[in-house]
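> sequence first, predicted coordinates after that:
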Amino acid sequence: MTDVNTGTVQVLIPTPLRTYTRGEAKVSASGATIAEVLLDLNANFPGIRDRLVEEDGEIRRFVNVFVNGQNARKLQGAATPLKAGDEIGIIPAMAGGSSR
């Protein structure tokens, strides 16, 4: 039998979302998957999860989430398993640029 991992991970918060984390650029959260970590993050910083996931719990298309440098979309999305010590990076997608 395997134990469910609910270890602590580090979450890197992008500047636009730091209003939720009282200015903190890096916070700790717990969970066995990205989805669980985002729930834990929201418990400590209410409202942040709504900026990151759709109603069905999947990561919003304009938000990129990385686990130890790997894009979660290429893994298992919000269901990507995590282990204690992992680093989660949240990167809002960039838009715009030159029309030349």
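That came through, no problem. Just so we're clear, the structure is a prediction, and the values are computed from it rather than from any experiment. Residues are numbered from 1 along each chain as shown.

> C-alpha only now, for contacts and for neighbours.
Will do.

> show me where the protein has its helices.
Listed in chain order, the helices of the chain (DSSP state H) span residues 34-44, 48-52.

> if you count contacts, what does the shortest one end up packed against?
Applying 3 or more C-alpha pairs under 8 Å, 6 or more residues apart in numbering; DSSP states H and E, we find helix 48-52 packed against helix 34-44.

> got the buried residues for the helix it packs on?
The neighbour-count criterion (16 or more other C-alpha atoms under 10 Å) identifies 34-42 as the buried residues of helix 34-44.

> stretch 58-72: how far from the chain's middle?
7 Å (C-alpha atoms, centre = their mean, to the nearest Å).

> hmm, who's touching it?
Stretch 58-72 is contacted from outside by 52-54, 73, 77-78, 80, 86-94, using C-alpha atoms under 8 Å, 6 or more residues apart in numbering.

> and stretch 67-86, which residues are buried?
67, 71-73, 77-83.

> right, and the pair among the residues you listed with maximum separation?
73 and 83 (17.7 Å; C-alpha to C-alpha).

> returning to what we had before: so can I have CSV of the helices of the chain showing mean pLDDT and distance to residue 27?
Shown next, in CSV, are the helices of the chain (pLDDT from 0 to 100; distance: least, C-alpha to C-alpha, whole Å):
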stretch, mean pLDDT, distance to residue 27
helix 34-44, 96, 8
helix 48-52, 94, 12
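
> can you lay out the ones you listed as JSON lines showing distance to residue 20?
Putting the helices of the chain into JSON lines (distance: least, C-alpha to C-alpha, whole Å) gives the following:
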{"stretch": "helix 34-44", "distance to residue 20": "9"}
{"stretch": "helix 48-52", "distance to residue 20": "6"}
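
> so which of these is nearest residue 17?
Short answer: helix 48-52, nearest of the helices of the chain by C-alpha to C-alpha, at 7.1 Å.
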